[in-house]
Structure formats: structure tokens, C-alpha cells
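Participant: Got a predicted model here, sequence first, then my questions.
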Amino acid sequence: MSESIAGTVIDCLEFARIGGVLERKVGLNELPRLADLLAGTAGFLSVRLEGWRDDAGKSWLQLDIAGDPLLCCQRCLSGVKVPLSIRSRLQLMAPGEEWPDDDLADDSTDAIEAETALVVLSLIEDEVLLALPIAPRHEQCESPAGKGTEHGSAPFAALAALKKHRN
């Protein structure tokens, strides 16, 4: 499990046909779009990607991701751990294959285009970004603005004090 997943590219349909399995730890520093949202890139995510074909001949990928990335709290701007436990079941749609009707499809699965050169790290990063909260925050914390200054928390109090000293 110590092998890096960086640079791993798979043919989705072939991976599903042979029942492929990848299990790795992915460093948070390997995910540049995610890193922009993190308070720190130390740590990793545990990842398992499995492919299979069902009895109806449909090809599938299941991606399981677990970890505790440290995001920036939107209230106090310090780090907040966001526990992730993602299970994505993806139906692979071959070129020319009819896509499932979104209104009738089961919500526990999504359909994606079956690529002959899927960059596994990009798939992982996409799924993590979709699972993150829009505004991560601690259950209880104080915003930096709430701490106030000697002139209180009113933004113009300091200006009023300066104007009095000038006159």
C-alpha cells in the first residue's frame, strides 16, 4: 500500500473487465486543487478503487476514500478537521452507449464516460472536492472580527477617534 498513485492511468472498461483493484495512500500534497482549500497539506487519504462487470454486462468502478483533511474554518480561519468517508459507485458509459435517465436513476450511483486513459488522481480529487462542505467550520469558535479592538468592533470607531485628535 506504500506505492504512489501519482501518474496512474487506467483504461476504465479494461479495469472493470479484469476486476482490477488499486489500494493506496494519497498524500494531500498530491492533490493541487484540494490543496488550495486546505490549512495544511500534511497527511493522506486512504483510497481503494475497484472495477467489475455486473450480470447485465454493465461496467462499474467503486471508489472508497477516507481521511481527515485539515480545511480552513470559515469563521475563525484556523484549521478544522473534516472527516471524509466517501463511497462513489460509478457506472462506466462506453462511447455510443445510452446514458441512464437522471430522473429515474438510483441516487446511490453516478454515470461517467468510460475513458481509455483515466488519470486516477484526478478522479480521486474530483470526488473529494464534491464531498467537501461549502463552508467548513468548527462547531463553536469565535470569528476574528468578534474579538474587537480598543475602539470596539465598529469599523469606523477608530476613524472617529482619529478625527477627534486632529481637531
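Facilitator: Thanks, I have the structure now.

Participant: use CA for all of it now, contacts and neighbours both
Facilitator: OK.

Participant: how about low-confidence regions in the protein?
Facilitator: Low-confidence segments of the chain (pLDDT under 70): 1-4, 6, 102-106, 142-155, 165-167.

Participant: tell me the SS of Ser46?
Facilitator: Three-state assignment for Ser46 (DSSP: H, G, I helix; E, B strand; the rest coil): strand.

Participant: For the closest residue to it other than its chain neighbours, pull up the helix or strand it's in.
Facilitator: Spatial nearest neighbour of Ser46, excluding adjacent residues (C-alpha to C-alpha, 6 or more residues apart in numbering): Lys25 at 4.6 Å. Assessed by DSSP states H and E, Lys25 sits inside strand 21-27.

Participant: Each with direction, which strands does the helix or strand hosting Gln91 pair with?
Facilitator: Assigned by DSSP H and E, Gln91 belongs to strand 84-93. Sheet pairing for strand 84-93, assigned by DSSP bridges, gives strand 59-67 (antiparallel), strand 109-113 (parallel).

Participant: Need the winner for burial among those.
Facilitator: strand 59-67 (a mean of 21; mean count of other C-alpha atoms under 10 Å).

Participant: what comes into contact with that one?
Facilitator: Applying C-alpha atoms under 8 Å, 6 or more residues apart in numbering, the contact partners of strand 59-67 are 12-13, 16-17, 44-54, 83-93, 124, 128.

Participant: Among those, name the buried ones.
Facilitator: Buried residues within the contacts of strand 59-67, counting neighbours by 16 or more other C-alpha atoms under 10 Å: 12-13, 16-17, 44-53, 84, 86-93, 124, 128.

Participant: sorry, back to before: I'd like to know how many residues surround the residue nearest to Ser46.
Facilitator: Lys25 is flanked by 19 other residues according to other C-alpha atoms under 10 Å.

Participant: how near is it to Pro95?
Facilitator: 31 Å (C-alpha to C-alpha, to the nearest Å).

Participant: Would you tell me which helix is longest in this protein?
Facilitator: Longest helix of the chain, by residue count under DSSP state H: helix 120-131.
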